[in-house]
Every structure is written in C-alpha cells, then in structure tokens.
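Asks: With the sequence up front, the predicted model follows.
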Amino acid sequence: MSLKSLLHKIPYFLHQSTVLVCETDGFEFRGTVISRNGKSLKCDFFAKSQALELDDAVKRVLENLRTQGWQGREAVLMTPAVLASIVTLPISPKQVSSPSQMQELIRWELEPLIMRHTSKSAIGQILMQMGVMTEAQVNEVITEQKAKQKHAAAHGHNPIYANKRFGDLAIELGFVNKLQLEDAIARQLWLKPINDDVLYGWAKTALTNANDDANNNAASTQWLVSGVNMGNIRQWEAAFLGHKVTLKEVFPLVGCASTILPTDDEVLLLEYARDHLAGIQLSSGKLANIEYVNRIGLSELDYCLETYHQFIQPSVKQVWLASNNVDAQAIDFEPIAMQLSGLVGREVKSIPLLAPNVSAGAHGVAKLLLHTKTNSNIASITVGEPKQSLLKRVEVRAILAGLAILLLIIGMEIGLYISKSIAQGAYNKVAEEKKTFDTIFAVAQKKVDNVTALQKNIKTNKNLLNTTIERNNFFASELPIRERFVQQLLDNLSYAITEDVVVNQIDETPNQGIRFSAWALSERSAQQFIQSYKNLMAPLGMELTDPIVRSQPGRLGLQGYDIQFRLINTLDMTLTDAAQASNAAGSPVSSTAARKP
Amino acid sequence: MSLREQWLILIVVLVIIGGLYGGLRFYPAYKAIGDIKKNTETMRTAMTTMVIPEEPYEDADTLEADLYNVDNNLSQVNALKNEIDKRLSPPDTTILRLAISDAARNALVRIITNEEYRVTLPVSVAEVDKDNAAPKAKRTGDAQKKRERNQRRAAEKATTNLVISQVSPELATPLIRKLAINGPMERPMQRIVVEGTYAGIVQFIQNLDVIEKMVTVVQLQIALVPQETTQGLSQRLSATMVLAL
C-alpha cells in the first residue's frame, strides 16, 4: 500500500473540494462546477455552448462560469473520443513498476479498438448524427468512393485524381450542401483523431476476479483501460490553457455513472448520451463488463432495448438507466425507463440526477474526484506526460537530495555542538581546577616573594651599611691617620736630620713606598741618620728597607755619602708579597685592606 | 534529464556545498574545538608539572625584625656619615683652595702650581673595587657622585686655574686610587707644588690640618730646588703634594 493510498484513506485529505466537469458530444459543450457539500455534492455553476468552433465553445463556457463566480484553474473533460474497455494484461497491480510499462502493455491490447473507435468520427457519421444524411446515403457515398478507386486502379490513373473525399462526393450526389459539410467538418474536429499517438489510462485497481489474491499474483489480470487520440486531446488542452485552465483528465462520455449507483447488487447499467450508449455490468459494485454501442438513427428507447438484450444476463438483479444527454432540453428518462421496463418485463430504474443540468456521468466523475479516489469502475486518462513514481521524478529527487544534504549538515552541526560542549565542559572543569591551583600557588609564591624581598632588602641595606661604615671609617679614621702620618713623617725626619745630613728628595711612590734620597758628610752620619729615622718610623708601622750609602760628592764640592732608602708600610709589604704570590697563581688581591693601624 | 546528468549535478552540488560548508563553517568550528582541547591539555600539563614552592625556611616576621634592625643601624650610620660629610669639601672647592692658599702664605711657602688632580679608574676596575669594597646603594651613590663631579667641574671652569692633571691609574698610589673618579671613596683632588723651606713646608702641612674642611696629603714629594742657595740661608725645597679635599 502506497503512502498516497494511505493518505487518501483520511477523509477528504488530498481531496479537492470543487471540480469543473466539462462534457461534449461533438455538438454541444457544457461545463458544470460541482463542489463537495459535506458527504454529498452540489452543483454550483453551469454553462453550455453550441458554438461550432471548439475554441469558441470552450471560451464561452469558461467565461460564463467565471462571470457566475467560478475561480478554479483545473477542469476535466468527458468526451466520446475516449474509449474504455476491459483487457487482460500479463501484469498484476503489484507488478506495475512505471506508467510507461503500463502504457506499452495497454497499447498492444487497446490500439486495434481505438482504431476502430476513431472511425466513428468520420464525416459520414457526423452528417448522420446531424440528421442531414441517412445511413443509406452514407453507404451510397462510400460505395461510389470505392468504385472510383477501383476504376482508377484498373486504368492506371494516378490515385490522387480518383480518391474523392466523402464530403465532396456527398455534395456531388446532392445529399448535403456545402454549408452543412462545413458544419460537419467543424464538428468533426471536436472528436477527430489528429495523429496516430494515443494516450492511455487505466483504473487505479484491477478488476476483481473470483479470487482476489489470485488476481493480484496471477500471470494475467483484467484491467479497465481507456485510450484517446493524443492530438485530439492536445487541442482541447490548448483551448483550455488559452483561458488559464488546465485540463487534468479526460473520461469517456458514457460509462462513468456506475460510481453513483446506490446499490451493490448485480446490476446492468445502461448509460446513454447522444448516439453513444455504454452497457455496464456491475457485480457487487465492481465493474464486470463494459461495452460501447454506437448506432446512429435509433431512438433512445430502441437503443436501450437493443443494448439490454445484448448485455442482459440471468445473474443481473437490477437494471438501471442513466442519461448523459447534453441537449438543450434534457430528456426525461423516467418515461423511457418505464417503457423499457414494460418491454423487458422487469423493473428498470433511472439514476436520480444531482440537478437538472447535471448528467449522471458528470455526477459520477465528480464523485470520483471529490469523494472516492480509488475506484476500479472508471479509467481516466491523465492529460500530459504520465507522472512517474515519486522517487523517479527529478524534482522529488532534488528535494530529497536537498533534504539529505540538510540533514547531513544538521547532523554535523549537532556533532560539532556536542563536541564543542564536551570540550568546553572539560575545559571549564580543568580551568576551575587550575584556578584553585593557581590560587594556592599564588599564596605560596607570595610568601616566598615576600621572604625573598625581605632577604634582598636586608642584604642591600647591609651592603649599604657596610659601605657607609667603610666610608665613615675611611674619612673619619684612615684619612686623619694619614694626615698625622705625613706630619709625623716630616717631624721625625727633622728629628733624625743632623748637621751632617741633607735631604735631597722624598718621593712617595705608588708601589715602592716612600723613597728617600739624602747626602751625608760622613758615612757614620749617614748610618746614624738611617738608624735614628728607622727607629722613629718603626712605631708608625713603617720599615726602612734597602738602605744604600755610597761615596758621592755633594754640596759645595765636598766629598760625602749618598744615602738612599725606602720606607715601606709593613702591612703593604705583606700585601705586596701576597699580591706577587697570587699574581703568580692568578687570583685577585683585595685592595681594601686597612693600611694604617 | 538522464540519470547520469542527475548524478553529475548531485556530485557537483555536493562538492560545492561540502566545500563551502567545510571551509567556512566546519573547519573553523573543528579547529576551535581542537584549540579548546589543546588549551585544556596545556592547562592539565601545566598543573601536573607546576611545582608549588616550598615554604621558606626563614620566617617573614623574623626577617622584618632583622630588616628593622638593619634600617636602624643604617640610619645611625647615615647620621654619622652626614656629620663626616660636613667636614668634606663641597663640589665647589674655590673656598677651600683659597684656604689652602692662605695656609701656604701663612707658612711662608710659595705656591708654584695648583691644579686639579684627576685619576679616572676604568669602570670594570671600579666595579671590582666596588664589589671588593662593598656594594653601594647604586642609585644614590652613583648619582650623587655624578652630581658632585659635575658641580666640581662646573665650578672649576669658572676659576682661572683651568689646569687639570690627568694621571693614569697605574701611576697612582693605592690611597689615590681609592679617592679617584669611579673609586670607592671618590673625592676631588688637587695637585699643589709649593716652594719653601723644610720648616715652611712642614708648617704648611700643619696649617692644612686646621682648615675647617678636611684636607689630606695623600701623596708627597719633596725635592731640592735646583738653584744654589745663598750661603747662610736654608735650602729651598720644592714639595709636590696631592691633596684630597
């Protein structure tokens, strides 16, 4: 069971609420707007036209309906150009894979019937339906036509000169005039096949057999199928499209009233329209047989009687009569039903009409479209390309692909969202832990930094303290000591100097101590001077070293003795020895040692 | 449209949409998630490798007490330093040099030369000396020295005696090296050459001692004046002294 059939089970779901049903028999065109009124149907608008031209008739009817208030955009058409029949196909409903498959199978069965059916739209038939020619006259024209062809063939004439058209011959023979012929030709266009292409349709479900299950799986199944010339339908379609109305489906003119039969018994339904009659046999409400009869010239009663005898069977429980007449004055079928009833010796009922202007066939089509979608009693033909199954349509595939891509994107977005949420959650958790950790670390580090800063400050201040103390010691102690030393040096020198000694030079050197250079008259004076100065300087921590006394002339040309010695601070001497030793070893020597006691 | 065409269109659309979505949305979002995970891992690693510092051995309160004590000592020492600095020469040594001149005149010695004596230690040597001496409070010490030196030089520029004796540090005595520029005890120095008798020179040195500001003879050289002295008069001597102001 398909999704669509499931949805259709929902009351009125996917059902349209109003439909324009158009009917034509080649001489008149009617349009009836039927709408759903709860569980019943009602006729909203009605219009008809007997215009000669097809386009003209459609235009008048549609304009009339628009004026009355109809705003629809779709219509269906019932035309005798559609032929319905029951055929046996080697396919069950479950095996149907595509419309083109069904079309091909139906074509094999229905094409011969279609060919024969289209002959009924010959010009002679139409002239007979118009009442301007009799059947005998039509046969005479046909005979004359064939004779001319034979004569031409026998004498080797070109067939183009021998084949006269029916209408021309009829005018030659005086049966019709030109005006009548032109009318007939115009009428013919309503039903005449234009090319060899045929549109096929089939009922939604196969016909029932004795065994339903066997029917669904049988190698051959009976189907109600229908066909119509594509060119003919295309011109109807174009006529409707010219007024922005889409022709959706076409139905046979007769054969659609079976859906409104109020009984499920074994029924014989005779559905009549102008010169067209369908004998429909129904069994338990399902179509068992349908045949079309087309006889021109008979009265309605004779037509029905003949068809009755042709189709009646012992199993038939009820006989119904339905009229699809589209004459200006609707034929009241009640008397005909009574008469037929009297003739056949059994009750013949007539199908009640929805409205005086609504034929039984139009009612049946409206009921099919507005109430019941699944019906095996009517085979409509969809105008336009047969719709493929949903999954095979490009637009459906595009939508599905778009949905799939969208779902994929949504899925990926959801995945990203979830991943991000998980990652963010883990991040927040770890961040929280780290925050706590950082707090602990900061507290500990702060303590350490505090202590380190204190230690550094203490060290700095101690260094500063030491520096300042050293500076204070230097200026408060060392320099004054130096001052006293210099004075003492000179004072002691003056004490040590005798009359025999003269000081030539005193030189304080950077690293050789204080060098003294003097001159003495005698060597004894020289040594005495050296000794006494040595003794005087010893308490000051100075040691007299390298004394040299040598004979040398001096002042006034006198012969005397040159005295040379150095005064060295004993601590400096120790440092000097240490510096020399460490220089040899390569280590620095501190220069900040105290020099003076 | 044939099945092949439908497949081709589908593939093209998939590539375009996939490329746009992947490049503009998915990849940046995926990268952002990767960055979040990476940051999470970095933080986790940081937490596992980070070492909480151990509590310091010394107590902050004890250290603060020590610092307080050191500061107290420092303030006392600074007070003493300020007292000592009062005896030292200001950057402008004009007055002091005038006093030195007075001392020389009072000691009956003649000043032959009176010039600035400048010994500049190289910074590395000065730093070594400084480190060996004791690290100073860098900011105040260096800045103060610079200011004093600049003031001294500015003052010297105004004097008539613009002679400067620049001596290499290797030729200076250890005491002078201490007092040299960039030395630990940097002070202005003056090289003075006086001529007179021994007694006068000694007197001059003694007179230096009574000047209000501290003047110290850090290097002394005495030599005979080359000229012959008149018989009966004391030998005239020339004394070259480096004075620390």
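Replies: Alright, I've got the coordinates.

Asks: the strands in chain B, which residues?
Replies: B:110-119, B:164-167, B:189-196, B:216-224, B:237-244 (DSSP state E).

Asks: Just checking: what are the partner strands of the fourth one?
Replies: Partner strands for strand B:216-224, per DSSP bridges, with pairing direction: strand A:501-508 (antiparallel), strand B:237-244 (antiparallel).

Asks: what separates the helix or strand where A:D55 lies from the chain centre, distance-wise?
Replies: Using DSSP states H and E, A:D55 sits in helix A:54-68. For helix A:54-68, the distance from its own C-alpha centre to the chain's C-alpha centre is 42 Å (CA atoms, centre = their mean, to the nearest Å).

Asks: Dump the C-alpha coordinates for that helix into CSV.
Replies: The C-alpha trace of helix A:54-68 is given here as CSV (Å, rounded to 0.1, in the frame of the first residue of the first chain):
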residue,chain,number,x,y,z
LEU,A,54,-14.1,24.1,-30.4
ASP,A,55,-12.2,27.1,-29.1
ASP,A,56,-15.2,29.3,-29.3
ALA,A,57,-17.3,26.9,-27.3
VAL,A,58,-14.7,26.5,-24.6
LYS,A,59,-14.3,30.2,-24.4
ARG,A,60,-18.0,30.9,-24.0
VAL,A,61,-18.5,28.3,-21.3
LEU,A,62,-15.5,29.3,-19.3
GLU,A,63,-16.3,33.0,-19.5
ASN,A,64,-19.8,32.3,-18.5
LEU,A,65,-18.6,30.3,-15.5
ARG,A,66,-16.2,33.0,-14.5
THR,A,67,-18.9,35.5,-14.6
GLN,A,68,-21.0,33.3,-12.4
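
Asks: which parts of it are buried?
Replies: For helix A:54-68, burial by neighbour count (16 or more other CB atoms under 10 Å in any protein chain shown) applies to A:54-55, A:57-62, A:64-66. No exception for glycine: its C-beta is placed from N, CA and C like everyone else's.

Asks: name the helices or strands packed onto the host helix or strand of A:A398?
Replies: Element membership of A:A398, judged by DSSP H and E, is helix A:394-473. Secondary-structure packing of helix A:394-473 (3 or more CB pairs under 8 Å, 6 or more residues apart in numbering or on different chains; DSSP states H and E): helix B:3-21, helix B:27-49, helix B:60-87.

Asks: between these, which one is nearest to A:Q531?
Replies: helix B:60-87 (38.6 Å; CB to CB).

Asks: Return the list of helices and strands in contact with the closest one.
Replies: helix A:394-473.

Asks: and the helix it packs on with helix B:27-49, angle?
Replies: 40 degrees (axes from the mean of the first three to the mean of the last three CA atoms, to 10 degrees).

Asks: Now the element after the lowest-mean-pLDDT helix or strand in chain A, going C-ward?
Replies: Every helix and strand in chain A was compared by mean pLDDT, DSSP states H and E; the lowest is helix A:212-217, with a mean of 48. Scanning forward in sequence from helix A:212-217 by DSSP H and E, the next helix or strand is strand A:221-229.

Asks: starting at the chain centroid, how far to that following strand?
Replies: Using CA atoms, centre = their mean, the offset of strand A:221-229 from its chain centre is 39 Å.

Asks: quick one on the thing from earlier: mind giving me the packing neighbours of the helix holding A:D55?
Replies: strand A:18-24, strand A:29-37, strand A:40-49, helix A:230-241.

Asks: Quick one: the ones you listed as TSV, columns for mean pLDDT and mean neighbour count too.
Replies: Output for these, formatted as TSV (pLDDT from 0 to 100; neighbours: other CB atoms under 10 Å in any protein chain shown):
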stretch	mean pLDDT	mean neighbour count
strand A:18-24	91	25
strand A:29-37	90	22
strand A:40-49	89	18
helix A:230-241	89	19
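
Asks: Turn these into CSV, including distance to B:G23.
Replies: CSV is the format used below for the helices and strands packed on helix A:54-68 (distance: least, CB to CB, whole Å):
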stretch, distance to B:G23
strand A:18-24, 52
strand A:29-37, 54
strand A:40-49, 58
helix A:230-241, 47
